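In: Here is my input, please return the structure:
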Amino acid sequence: MTDTPEENSKELLAKMGYTPAILGVLFPSYPLTEVLNYAKPVFEAVDLPIGILDVKPYQISGGENVRAALALALASKPSILLLDEPFGDLDPITLRDVANSLKNINKTFNTTIIFISHHVDFIREVAQRAILIDKGHIVIDGEPHKVCDEFIKASNARYLNKCLEDY
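Out: Below you'll find the predicted structure:
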């Protein structure tokens, strides 16, 4: 209906036994001030200016894209946020910004955040609990630094050994 010319929409609605008033029920609109008041704390939590809503996605950075996606997900005020490898393409500085945003989201909205990640330093910093799963089976469930250490040992990736030395 949204991409149908107005006159055609009226005809289609009439054929279905509806008046154009039903569109207001199906697609409610809210005053801009109400929308901005609702969105402001969400955008503050992810450290984005509210003005980013007026910017095209290709005009913002990768980190801003990730944080904007988080803001959209938070708009419905979920009690649990599920994230699957959301930070794979981010550089270390941007990853830091996103990590701070996740901590803010958890603190501000008391949102439980469940995420899948191979960034051991990120997991150690952000997570309160970690679970290592291999081939569908739980290998270890507990404190993030212990779970990350187990992941590093099991991976046989020499470059990750530096992470073990750092902790």
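In: C-alpha only now, for contacts and for neighbours.
Out: Noted.
In: host element of the spatially most central residue of the chain?
Out: Central residue of the chain (C-alpha atoms, centre = their mean): residue 70, 3.0 Å from the mean position. Using DSSP states H and E, residue 70 maps to helix 62-74.
In: how far is stretch 43-53 from where the chain is centred?
Out: Distance of stretch 43-53 from the chain centroid (C-alpha atoms, centre = their mean, to the nearest Å) equals 13 Å.
In: so where do the helices sit in the protein?
Out: Using DSSP state H, the helices found in the chain span residues 6-15, 21-26, 32-45, 62-74, 92-109, 120-126, 144-155, 161-166.
In: among those helices, which is nearest residue 82?
Out: Relative to residue 82, the nearest member of those by C-alpha to C-alpha is helix 62-74, separated by 9.6 Å.
In: list the helices and strands that closest one packs on?
Out: Packing partners of helix 62-74 (3 or more C-alpha pairs under 8 Å, 6 or more residues apart in numbering; DSSP states H and E): helix 32-45, helix 92-109.
In: The helix holding residue 70 to helix 92-109, inter-axis angle?
Out: Between helix 62-74 and helix 92-109, the angle comes out at 20 degrees (axes from the mean of the first three to the mean of the last three C-alpha atoms, to 10 degrees).
In: how much space is there between residue 102 and residue 73?
Out: Applying C-alpha to C-alpha, to the nearest Å, the value for residue 102 to residue 73 is 12 Å.
In: The two: which is more packed in?
Out: Set side by side, residue 102 and residue 73 show more neighbours around residue 102, with 21 against 14, by other C-alpha atoms under 10 Å.
In: what's the distance between the more buried one and residue 147?
Out: According to C-alpha to C-alpha, residue 102 and residue 147 sit 20 Å apart.
In: next one: residue 100
Out: Separation of residue 100 from residue 147 (C-alpha to C-alpha) stands at 21 Å.
In: Between the two, which is the more surrounded one?
Out: Each of residue 100 and residue 147 has its neighbours counted (other C-alpha under 10 Å); residue 147 has more, 21 against 17.
In: Verify the contact between the more buried one and residue 132 for me.
Out: Yes. Residue 147 is within contact range of residue 132, at 6.3 Å (criterion: C-alpha atoms under 8 Å).
In: Identify the contacts common to those two.
Out: Any residue near both residue 147 and residue 132 by C-alpha atoms under 8 Å, 6 or more residues apart in numbering counts here, and that gives 140, 141.
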